[in-house]
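Chemist: please work out how this folds:
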Amino acid sequence: MKTFFILMRRALSLLLVKAKIVLYNILFSSNSPIKTARYRLVSPTVFRGHGKIYIHKNVMLGCAKCTQHLSSYNHIEARSATSVVEIQDAVTLANNVYICADYTSITIGRDTAIGSNVQIIDSDFHSREKDSSLVRSRQSQSKPVRIGNNVFIGNNVIVLKGVTVGSHSTIGAGSVVTQDVPSNTVVAGNPARIVTNRN
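Modeler: Have a look, this model is predicted:
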């Protein structure tokens, strides 16, 4: 009897997630041009913006065994016409991941794993100064973000504008990445600093 209830609970959870995936796509996703190979949608994912989103093959969006699977969604946005988000082969996103290219680009290399509650952004989104030309200010403050191949990004990490993360590196949970991360290193902290160099 206990096994029956466990199976029923799993089936209901799966049904709820599938319903959320369909509902989020209908209500919240915009007509952003998405060029995609085959990918696996495990958690609700919203695609937004006026730019281009490229998703390559064997990408997994969401994680059934990770936190917030039933209570959150992933957000991938190429906000303006010049924005590009590219997620290369075999990338895995957990849950509640926010990726937003405001005016430039965000590229995530193949075989990269991204934990829950991660934010990757290419802009400050607004100036601290009073500026009548907010749009021009945002354009000048946007800088591309590049994440290499086989990178591991822990939970609750924030990757800020203009950062390049080298291949085969690890970013510890809760880090705020404000500067480039060399390949084959482990970084952690706020701001993130090199903990280990594996060269």
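Chemist: helices of this protein, residue ranges please.
Modeler: 2-27, 134-141 (DSSP state H).
Chemist: for the ones you listed, which has the smallest mean pLDDT value?
Modeler: Across the helices of the chain, helix 134-141 has the smallest mean pLDDT, namely a mean of 61.
Chemist: what residue lies at the spatial centre of the protein?
Modeler: I99 (4.1 Å; C-alpha atoms, centre = their mean).
Chemist: surely that residue and S105 touch.
Modeler: No - using C-beta atoms under 8 Å, I99 is not in contact with S105; the gap is 11.1 Å. No exception for glycine: its C-beta is placed from N, CA and C like everyone else's.
Chemist: which residues are common contacts for these two?
Modeler: V85 (C-beta atoms under 8 Å, 6 or more residues apart in numbering).
Chemist: what number of residues lie near the nearest residue to V176 once chain neighbours are set aside?
Modeler: Leaving aside its chain neighbours, V176 sits nearest to N190 (4.3 Å; criterion: C-beta to C-beta, 6 or more residues apart in numbering). With neighbours defined by other C-beta atoms under 10 Å, the count for N190 comes to 11.
Chemist: hmm, N190 is touching G174, no?
Modeler: Yes - the criterion here is C-beta under 8 Å, and N190 meets it with G174 at 7.2 Å.
Chemist: lowest average confidence, helix or strand, in the protein?
Modeler: Ranked by mean pLDDT, DSSP states H and E, the weakest helix or strand in the chain is helix 134-141, scoring a mean of 61.
Chemist: return the residues in contact with I87.
Modeler: Y54, I55, H56, V59, I76, I108.
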